[in-house]
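>>> Sequence isn't available, so here's the structure alone:
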């Protein structure tokens, strides 16, 4: 019994309180945060899996009102219209297969007059970070089969 009496010293008692407090914080704050990330990932994966079996519908149905919602993300849609020439936008600082890339976004004018942004894929930089030649979007009237994605948002500045 005498061998464990040193555990009753104030420094050891304070250490025990700190360890119990840290464990409590882990279980009440960190664990739900991690499990919440898993829940959102499972929700996204379920929407992607459901979209595989669904037939594509007209994009104009999802663009009515306030636009698509998070529940519409990954839905397959058909869009008819034409690409706006010479309007490509590059999104930099992307990583594809662990290598740098630019995403190519092109405005697409729908037949009903609205315009949407289409991600046409990615291109790899040349000679370090130089922007490569970007293939032109198809001309004329085009029918696209695509998936709805929500905006990533904007950053101040």
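Structure received. Since this is a predicted model, take the numbers as computed values, not measurements. Numbering: from 1, shown residues only.
>>> From now on I want contacts and neighbour counts done on CA atoms only, so please keep to that.
Noted.
>>> burial of the closest residue to residue 90 other than its chain neighbours, as a residue count?
Spatial nearest neighbour of residue 90, excluding adjacent residues (CA to CA, 6 or more residues apart in numbering): residue 104 at 5.0 Å. For residue 104, the neighbour count with other CA atoms under 10 Å is 18.
>>> ok, which stretches of the protein are helices?
Ranges of helices in the chain, per DSSP state H, are 10-25, 31-53, 59-63.
>>> now those in JSON lines, with mean neighbour count, distance to residue 125 and mean pLDDT?
As requested, the helices of the chain are exported to JSON lines (neighbours: other CA atoms under 10 Å; distance: least, CA to CA, whole Å; pLDDT from 0 to 100):
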{"stretch": "helix 10-25", "mean neighbour count": "12", "distance to residue 125": "45", "mean pLDDT": "90"}
{"stretch": "helix 31-53", "mean neighbour count": "13", "distance to residue 125": "30", "mean pLDDT": "82"}
{"stretch": "helix 59-63", "mean neighbour count": "16", "distance to residue 125": "32", "mean pLDDT": "81"}
